[in-house]
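Generate coordinates for the sequence data below:
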Amino acid sequence: MHHHRRNFISRCAALALGSAAPWALASTGSYPDKTVRIIIPYPAGAATDTLGRLAGQALQQALGQSFIADNKGGGGTTIGTRALAQSEPDGYTLGMVDSTFTINPGLLGARLAYDSQKDFTPICLIASAQFVLVTHPSVPVKDLAGFIAKAKAEPGTLAYGSAGVGSGPHLAGEQLAQQAGLKVVHIPYKGGGTVITDLLGGQVQFAFATVPTLAEHIKAGKLRALAVTGPKRSALLLDVATFAEAGLPGVDIMPLFGLVAPKGIAAATVDKISKALRASIRQGEMQSRLKAMGFEPVGSTPAEFAQRIQEDTAKWTEVIRKGGIRPE
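Numbering: from 1, shown residues only. Predicted structure coming up:
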C-alpha cells in the first residue's frame, strides 16, 4: 500500500516538475510574445472576415496575446493570400482562406502568383457551411426532381446568378448542371448581395448560397429551397432534403473556412495554434457562436485540413475544366 502511494506521489512530483521544466517549453519558446496578425483576403463584413475575427478572439483567450484582423481584399482573394505567402513564417502572420483558395488553382492556373499546395502550411479547418439551391416562387417546381425535369424540358431558359465567374455559387450551379445533365444560363454579378436582390425580384430564376445567407428569406416564403449540400440536413432548414436524399449526391460543394500560415513555420508553433483553436471549436465558446450563425463547426488537425484542401482543389479543377470555365 505505502509502496503504491509513494510511487503515486513521486509520479505526481515528476509531472509537476515536468510541466514547469523550462526545457519542456523550449520547443515553442514563449510563442506568442507579441501581437499576431491574421490576414483576411476580403473587406470587413464578409463571412470569411467574421470567422477570422472569431478565430482571433478564441486564440487571444487561449494564448493570452493579441490576434488582430488585417483585411487585404481584392483580386478575388489573391492579393491578401499572396501577401500571406510572402510573409515571414514566424507564426506572427497567419491568414484565413475559404473555398476560393481551392478554386483559384484550377481557375487561374499559372496566372496565380503563389502555389496553394507549396507556399502554405494548413493549421485548422475551422468550419464549413452548407449550400442551398433556391428558386424564385414564380418557378413552378416543388422539389429537385421537378426542377431538373423543367430545366431539361426547357434548356437554356433557367438562369442563375452568382458572385462572379469561379465563385463558389457559380461552381455549385456548374456542378448541378454537370451532374444532372442540364443546360442553364449563368449570370455573373460583381458580388453576392446583388444576386440575392435580383433573385428576390425574380430577375434570375435560381441560385446557390450558404444556408445562413438565405434561411430567413426561405422561412418568409420569398424563396423556395429545393436541396442542401452536405451529409445531413441543415439545422436551420430541417424540412429541406439533402442532394443525396434527392438523388444527386454528386452536388456536394461545402464552403470551407480555415486558418493557414506561410510555408516554413515551425511545427511546434502550428501545433500550439491548432490545438488552441481546435479546443475552442470542438467544445468551447466558438462552437456555439458558429452554430448560432449557421456554420458547421469542424476544428480539424493540420493534416486533415491539408487533405481537404487537396481533395477540393482536385475536384474544382475538374469541374472548371469540364465546364470550360475561363476567368473574367
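
residues contacting the nearest residue to residue 120 once chain neighbours are set aside?
Excluding the flanking residues, the one nearest residue 120 by Cβ to Cβ, 6 or more residues apart in numbering is residue 260, at 4.6 Å. Heads up, the C-betas are built off the backbone N, CA and C, glycines and all. By Cβ atoms under 8 Å, 6 or more residues apart in numbering, residue 260 lies in contact with 84, 94-97, 101, 120-123, 305.

what does residue 252 give?
175, 229-230, 243.

Point out where the stretch 201-328 of the chain drops to low pLDDT.
Applying pLDDT under 70 to the stretch 201-328 of the chain flags no residue at all.

which residue ranges form the helices in this protein?
Under the criterion DSSP state H, helices of the chain are mapped to 2-20, 22-25, 47-63, 78-85, 99-108, 144-153, 168-180, 192-200, 211-219, 267-283, 285-292, 302-323.

Of these, which is nearest residue 136?
Smallest distance to residue 136 across those (Cβ to Cβ): 6.2 Å, for helix 192-200.

Go ahead and confirm residue 68 touches residue 35.
Yes - applying Cβ atoms under 8 Å, one finds residue 68 in contact with residue 35, separated by 6.1 Å.

Now tabulate the helices of the chain in CSV and tack on distance to residue 131 and mean neighbour count.
Below are those laid out as CSV (distance: least, Cβ to Cβ, whole Å; neighbours: other Cβ atoms under 10 Å):
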stretch, distance to residue 131, mean neighbour count
helix 2-20, 45, 9
helix 22-25, 43, 9
helix 47-63, 12, 21
helix 78-85, 22, 21
helix 99-108, 10, 22
helix 144-153, 13, 17
helix 168-180, 5, 23
helix 192-200, 12, 18
helix 211-219, 7, 18
helix 267-283, 21, 19
helix 285-292, 17, 16
helix 302-323, 13, 17
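
so can I have a markdown table of the ones you listed showing distance to residue 255?
Formatted as a markdown table, the helices of the chain follow (distance: least, Cβ to Cβ, whole Å):
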| stretch | distance to residue 255 |
| --- | --- |
| helix 2-20 | 40 |
| helix 22-25 | 37 |
| helix 47-63 | 8 |
| helix 78-85 | 16 |
| helix 99-108 | 5 |
| helix 144-153 | 20 |
| helix 168-180 | 5 |
| helix 192-200 | 12 |
| helix 211-219 | 10 |
| helix 267-283 | 16 |
| helix 285-292 | 13 |
| helix 302-323 | 10 |
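
Quick one, grab the pLDDT at residue 10.
Listed pLDDT for residue 10 reads 43.

could you list every residue that touches residue 289?
Residue 289 touches residue 54, counting by Cβ under 8 Å, 6+ apart.

can you tell me how far the nearest residue to residue 202 once chain neighbours are set aside sits from residue 198?
Sequence neighbours aside, residue 136 is the residue nearest to residue 202 in space, at 4.6 Å (criterion: Cβ to Cβ, 6+ apart). Residue 136 is 9 Å from residue 198, where distance means Cβ to Cβ, to the nearest Å.

now residue 212
For residue 212, the distance to residue 198 - Cβ to Cβ - is 20 Å.

Residue 155 too?
Residue 155 sits 22 Å away from residue 198, going by Cβ to Cβ.
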